[in-house]
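Colleague: how would this look folded up:
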Amino acid sequence: TGVVPFVALLLLQRRPVAGRALLMTGSSCPGHGLCRSNVQEQTRRQVALLNDTAQDLFSLYLKCQGEPFSSESNKLCNPSSIFFPAFRVNRTSERKEVMVAMYKLFAFLNASLGNITRDQEELNPTAKELLDRLHNTTKTTRGLISNLTCLLCKNYNIFQVDVSYGESSKGKSSFKKKQQGCQVLRKYVQVIAQAARILLPHLSP
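Modeller: Numbering: from 1, shown residues only. The predicted model follows:
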């Protein structure tokens, strides 16, 4: 895999892609002039919103999948077997390092949410509340990616990051699609809480 420009990553990615973290800096950073004056506060709010709604999204997802997911979620939704980007930053990490890790995390989540939404539109087309929650979460995530792009460009002149995406569920059975979705969402609940604890202090005024 190669380095993927930020602009391309703002598009919904659904194919499985993996690569090492590779950061590039340059003399020009496209689009950072488009950052809003309140981009930092907006980023804080988006992370907090995702954290506040993650558990409810996971619970609603389980409810809509029916049995055996409702009663055996600990077993079926164990995320240990799925790929998820490494997240090795903490509160003592440099702000630049935290921002890059966050970008990679939310780019992965954006692609995963798109995959899950597509499957649920096929498997549970009448589950309006779930589909609305998935669409709203994806919208917030994409807005967050855009804001992280601005902050990385504006503050660190970073405009290319190599990111990794998870496995596509295309061609899998209905059960496997449901299982992959619940594994990703369970991991999302865990990771977004960690991300909020680490990132929010770095975005304080």
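
Colleague: Run through who's touching stretch 114-121.
Modeller: Outside stretch 114-121, the residues that touch it by C-beta atoms under 8 Å, 6 or more residues apart in numbering are 12-14, 61, 64, 127, 130-131, 134-135, 138, 166, 168-169, 177-178, 180-181, 184-185. Placement of C-beta: from N, CA and C, glycine included.

Colleague: Of those residues, which belong to helices?
Modeller: Among these, the residues falling in helices (DSSP state H) are 61, 64, 130-131, 134-135, 138, 177-178, 180-181, 184-185.

Colleague: Glu41: which of the residues you listed is nearest?
Modeller: Thr138 (21.6 Å; C-beta to C-beta).

Colleague: Find the residue closest to the closest one in space, skipping its chain neighbours.
Modeller: Leu113 (4.5 Å; C-beta to C-beta, 6 or more residues apart in numbering).

Colleague: before we move on, back to that, nearest to Ala193, of the ones in helices among the contacts of stretch 114-121?
Modeller: Nearest to Ala193 among the ones in helices among the contacts of stretch 114-121, with distances taken as C-beta to C-beta, is Leu185, at 13.1 Å.

Colleague: Please report the distance of that closest one from Lys96.
Modeller: Per C-beta to C-beta, to the nearest Å, Leu185 is found 29 Å from Lys96.
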